[in-house]
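# What follows is a predicted structure for the sequence shown.
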Amino acid sequence: MRDNLWLEQKLEQIWNQYFGEVPKLNEIKIKFGFKAKRRLASIRQKDIKNKCSDTQILVTGFFQDERVPEYVVDVTLAHEICHYVHGFASPLPKFSRYPHRGSLVDTELRERGLGKLLAEQNIWLKSTWHEIVGRDYHKRKLRRRKVQRSIFDLFSIF
């Protein structure tokens, strides 16, 4: 069962295995978010002005599906940890102005021994991701459109 506790354990495992030398200067909270098709995860700091405030990682709800291989989740979490290491949404000094400039994150992942998993993740996402998100995503979009239309219809009476 993939729940928030499982996600916390995965984050801890990846951190210890690949990022052991990086200090955690604040509390890092991780949980599943809504089912996002294009954004696999995001990292943010709750209070931007307060450098020591909690960091929050939100992971797409589609990753709760057991058909998604664990290595896809692992590489996604490692990607977000790279942002933390580079000073984005963390108290650490910023490494650069832009988080993805010059394939910075992918280079970091390869240097830390995750290059093979990154390549496998890219192949899996291109070949199979649409099977996971297709049915659920389109249902949700249709439901949202119907709600928007019904609200619009209510206001068109006036």
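Everything's here; your move. Numbering: from 1, shown residues only.
# When you work out contacts or count neighbours from here on, use the C-alpha atoms and nothing else.
Will do.
# is it true that Arg97 lies in a helix?
No. In this structure, Arg97 is coil, not part of a helix, as judged by DSSP: H, G, I helix; E, B strand; the rest coil.
# Might you report the residue contacts of it?
Contacts for Arg97 (Cα atoms under 8 Å, 6 or more residues apart in numbering) come out as none.
# tell me the pLDDT at it?
Reading off the confidence values, Arg97 has pLDDT 87.
# For the residue positioned nearest the centre of the chain, give its distance to Glu21.
Centre of the chain computed as the mean C-alpha position; nearest residue by Cα atoms, centre = their mean is Ala41, 1.3 Å away. Going from Ala41 to Glu21 by Cα to Cα, to the nearest Å gives 23 Å.
# and if you look at Gln121?
25 Å.
# Run a quick neighbour tally on Pro23.
Using other Cα atoms under 10 Å, the number of residues around Pro23 comes to 10.
# cool, and Trp124?
Applying other Cα under 10 Å, I find that Trp124 has 16 neighbouring residues.
# any idea which element it lies in?
helix 115-156 (DSSP states H and E).
# quick one: pLDDT of the closest residue to Ser53 other than its chain neighbours?
Distances taken as Cα to Cα, 6 or more residues apart in numbering place Asp47 nearest to Ser53, at 5.8 Å, with adjacent residues excluded. At Asp47, the model reports a pLDDT of 70.
# where does Asp47 land in three-state SS?
Assignment for Asp47 (three-state DSSP): coil.
# buried stuff in stretch 116-136?
Neighbour-count burial for stretch 116-136 flags Leu117, Leu118, Gln121, Trp124, Trp129, Ile132, Val133 (criterion: 16 or more other Cα atoms under 10 Å).
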